[in-house]
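S.K.: Have a look; sequence and predicted model below, questions after that.
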Amino acid sequence: MKFDVILACGGSGSRCDLGYNKLAFDVGGISVLEKALSCFYHEDIDKIIISYNQNDLDWLKSLPLPDNSILCQGGQTRTQSISNALKLVENEYVIIHDGARPFLPRQCLLDGMRDAVEYGNSLLFTPSVDSLRILSDGGSRAIDRSAIIKIQTPQIFKTEEIKRAYSLAPENALFTDDATLYEEYIKKPAHLTKGSESNIKITTKEDCMRAIGADLYIGNGWDTHRLDFDRDLILGGVKIPHDKGLVAHSDGDVLIHAIMDAILSAMHERDIGVLFPDTDDKYKNISSVKLLKEVLQLVKAKGLAVKSVSAVIMAQKPKLSPHIPTIQQNLANIMQIDEERVSVSATTTEKLGMAGREEGISVSSVAVLFRKAVK
Ligand code: MG
């Protein structure tokens with residue numbers, strides 16, 4: 001069974017107050033629209049008709065749109081826009097989806113396509129999880145939430161039926177979704193298919209912020225330094241009592257070095273050896289806390305923020321366990337994130353290898369960054 005898709009992109013997105021259409025908003029390196037398009041790669045989907053707003057035409061033409069997509073100019077109302085797009089639909093079923101829902105789970109699409117073939121149409125819904133009230137007589141009263149469901153897209157119809165419904169609807173008809181219009185003119189009940197809370201519609205600036213919350217960047221860092229006498233042992237900016245310290249051009253804070261490399265890796269930047277070369281006298285004996293602060297400035301300049309950091313210190317001696325809470329607290333303060341988002345653990349290497357022979361200390365670290373600024 002073949003399906004065509006209509007992606008409704010005719011709105012201006014003004015409620016997002018971004019100064020540009022919310023469909024161009026960046027969610028993980030691609031726009032909301034491209035992300036929404038990516039939900040429809042399926043062997044049974046023939047073409048995707050993008051119902052667009054005239055103001056977005058130049059932007060749309062600049063995108064690497066899929067080969068099976070067609071642009072179709074929208075009308076004054078949603079009804080007119082979908083009506084125009086339906087003229088291009090040729091396959092037996094049509095999937096109508098909001099361009100501002102970029103996170104449609106694959107399973108919801110598959111369930112909807114299956115139900116549309118079995119029952120003639122499919123309408124995604126989610127149950128109401130909040131308590132509900134209805135406004136009445138200047139006040140409000142509670143209503144049974146189990147009797148209320150929320151409707152999403154995609155909504156999938158037999159092409160012939162939805163075309164007939166639109167041909168019967170007046171041009172200026174205002175329907176917020178296609179199932180309402182379908183029921184009004186075709187007089188058949190809508191079949192409900194379980195949707196997902198992940199399938200959010202990006203409507204406000206807060207929705208944009210939620211969307212980029214899912215836009216994570218992960219980096220990995222590793223560092224090793226040699227232990228020797230007559231050096232302070234500094235880990236995470238904290239001086240640890242020990243008869244040896246780490247040898248380095250800087251203060252040898254191997255923990256902060258690994259964390260910086262993880263953060264830089266998450267940003268797709270080169271490592272600290274490139275950023276702070278040990279041939280530069282400027283960095284001789286410098287506190288690694290200062291270097292970490294410079295790296296954090298770079299993070300900020302890229303519109304990113306550190307979400308969490310995790311590190312493992314590999315050292316035979318000294319016993320680090322009593323110092324871990326202080327180290328975590330210090331790192332959280334420097335990075336200005338919650339202490340629960342900084343996890344440091346320590347392990348011996350069972351006297352094996354370089355760390356086991358107390359010749360040096362290694363640290364492995366992972367950092368997670370997220371996009372903070374709305375561009
Ligand atoms: Mg180092």
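M.R.: Received, thanks. Just so it is clear, the model here is predicted, and its values are computed rather than measured. Numbering: from 1, shown residues only.
S.K.: quick one, what contacts Asp67?
M.R.: Shown in contact with Asp67 (CB atoms under 8 Å, 6 or more residues apart in numbering): no residues. To be clear about C-beta, it is placed using only N, CA and C from the backbone, and glycine gets the same treatment.
S.K.: The chain - how does it break down into domains?
M.R.: 3-211, 216-371 (automatic domain parsing).
S.K.: can you put those in JSON lines and add distance to the ion and mean pLDDT?
M.R.: As requested, those are exported to JSON lines (distance: least, CB to the ion, whole Å; pLDDT from 0 to 100):
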{"stretch": "domain 3-211", "distance to the ion": "30", "mean pLDDT": "92"}
{"stretch": "domain 216-371", "distance to the ion": "4", "mean pLDDT": "95"}
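S.K.: that's a strand at Val94, yeah?
M.R.: Yes: under DSSP: H, G, I helix; E, B strand; the rest coil, Val94 sits within a strand.
S.K.: Any buried residues in stretch 92-104, and which?
M.R.: 93-104 (16 or more other CB atoms under 10 Å).
S.K.: Same check on stretch 311-331?
M.R.: Quick answer for stretch 311-331 (16+ other CB under 10 Å): 311-316, 318, 320, 323-324, 327-328, 330-331.
S.K.: which other residues reach that stretch?
M.R.: Taking CB under 8 Å, 6+ apart as the rule, stretch 311-331 contacts 233, 235-238, 240-242, 254-256, 258-259, 262, 309, 339, 342-349, 351, 355-358, 361-366.
S.K.: which of those residues are buried?
M.R.: Counted by 16+ other CB under 10 Å, the contacts of stretch 311-331 give 233, 235-238, 240, 242, 254-256, 258-259, 262, 309, 342, 344, 346, 348, 355, 361-366 as buried.
S.K.: Keep only those of those that are in helices.
M.R.: Members of the buried ones among the contacts of stretch 311-331 lying in helices (criterion: DSSP state H): 254-256, 258-259, 262, 355.
S.K.: Where do the helices of this structure begin and end?
M.R.: Under DSSP H, the chain gives helices at 32-38, 57-61, 78-86, 106-119, 159-168, 178-186, 205-213, 254-266, 272-275, 288-301, 324-335, 353-356.
S.K.: ranking these by burial, who's on top?
M.R.: Mean neighbour count, computed with mean count of other CB atoms under 10 Å, is highest for helix 254-266 among the helices of the chain, reaching a mean of 27.
S.K.: residues in contact with Asp178?
M.R.: Contacts of Asp178 by CB under 8 Å, 6+ apart are 82, 96, 155, 157, 162, 165.
S.K.: how about these in CSV, adding distance to Phe370?
M.R.: Below are the contacts of Asp178 laid out as CSV (distance: CB to CB, whole Å):
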residue, distance to Phe370
Ile82, 35
Ile96, 32
Gln155, 32
Phe157, 38
Ile162, 40
Ala165, 43
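S.K.: Tell me the one of these nearest Ala116?
M.R.: Lowest distance from Ala116 to these (CB to CB) belongs to Phe157, with 7.1 Å.
S.K.: Surely that closest one is in contact with Asn91?
M.R.: No: using CB atoms under 8 Å, Phe157 makes no contact with Asn91, being 11.5 Å away.
S.K.: which one of the two has more residues nearby?
M.R.: Phe157 (28 against 16; other CB atoms under 10 Å).
S.K.: number of nearby residues for the closest residue to that one other than its chain neighbours?
M.R.: Nearest residue to Phe157, sequence neighbours excluded (CB to CB, 6 or more residues apart in numbering): Asn121, at 4.9 Å. By other CB under 10 Å, the residues close to Asn121 number 25.
S.K.: Pretty sure Asn121 sits against Ala179.
M.R.: Yes: with contact defined as CB under 8 Å, Asn121 reaches Ala179; the gap is 7.4 Å.
S.K.: anything in contact with each of those two?
M.R.: Applying CB under 8 Å, 6+ apart, one finds that Asn121 and Ala179 are jointly contacted by 155, 190.
S.K.: what angle do whichever strand in the chain runs longest and helix 288-301 make?
M.R.: For the chain, the strand with the greatest residue count under DSSP state E is strand 216-229. Orientation of strand 216-229 against helix 288-301 (axes from the mean of the first three to the mean of the last three CA atoms, to 10 degrees) gives an angle of 170 degrees.
S.K.: Contacts made by strand 216-229 with the rest, please.
M.R.: Contacts of strand 216-229 (CB under 8 Å, 6+ apart): 233, 243-248, 252, 254, 257-268, 271, 304, 307, 354, 358-371.
S.K.: how about 7 Å then?
M.R.: 243-244, 246-248, 252, 254, 257-267, 304, 307, 358-370 (CB atoms under 7 Å, 6 or more residues apart in numbering).
S.K.: who are the neighbours in contact with Leu192?
M.R.: Counted by CB under 7 Å, 6+ apart, Leu192 has contacts 123, 125.
S.K.: one more time with 8 Å, if that's ok
M.R.: Residues in contact with Leu192 (CB under 8 Å, 6+ apart) are 122-123, 125, 149.
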